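Visitor: sequence plus the predicted model coming up.
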Amino acid sequence: MNLKTGDKVVVIAGKDKGKQGKIIKTLRAENKVVVEGINMVKKHVKPNGQSAGSIVDMEAPIHASNVMIIDPKTNKGTRVGHSTDKKGKKIRIARKSNENLD
């Protein structure tokens, strides 16, 4: 998976298609990501000693193939490529504009 926590992404498939958000969490084993404000679901919370029960809106994971990283130059979705910098360190680049994503 070429996505990291904090990346700005756009949803390319599903009920939230076209929406943009920031990645909150990555689930590498399941190849899913949790994006801020995307794929909202209602969760029923049981009451405990401190608080009463309630229904809470929260983000559910979305498959990584359904999001595309936003190119910093064009502000549109782009694929991710890999390259090395001058020091020999591996970096991520945007395919559309060759801008550094890290």
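Guide: Nice, I can see it. Numbering: from 1, shown residues only.
Visitor: average pLDDT across stretch 26-41?
Guide: For stretch 26-41, mean pLDDT rounds to 96.
Visitor: buried ones in it, by neighbour count?
Guide: 26, 32-35, 38-39 (16 or more other CB atoms under 10 Å). Heads up, the C-betas are built off the backbone N, CA and C, glycines and all.
Visitor: and what of stretch 15-29?
Guide: Applying 16+ other CB under 10 Å to stretch 15-29 flags 16, 20-21, 23, 26 as buried.
Visitor: which residues touch that stretch?
Guide: Stretch 15-29 is contacted by residues 1, 3-11, 32-39, 59, 61-62, 64, 67, 70 when judged by CB atoms under 8 Å, 6 or more residues apart in numbering.
Visitor: rerun that using 7 Å as the cut-off
Guide: Here stretch 15-29 makes contact (CB atoms under 7 Å, 6 or more residues apart in numbering) with 1, 3-11, 33-39, 59, 61, 70.
Visitor: same question, stretch 56-65
Guide: So stretch 56-65 is contacted by 1, 3, 14, 24, 27, 30-43, 45 (CB under 7 Å, 6+ apart).
Visitor: mind redoing it with 6 Å?
Guide: Stretch 56-65 is contacted from outside by 1, 3, 27, 31-34, 39-41, 43, 45, using CB atoms under 6 Å, 6 or more residues apart in numbering.
Visitor: and stretch 92-102, by the same measure?
Guide: 71-74, 78-81, 83, 91.
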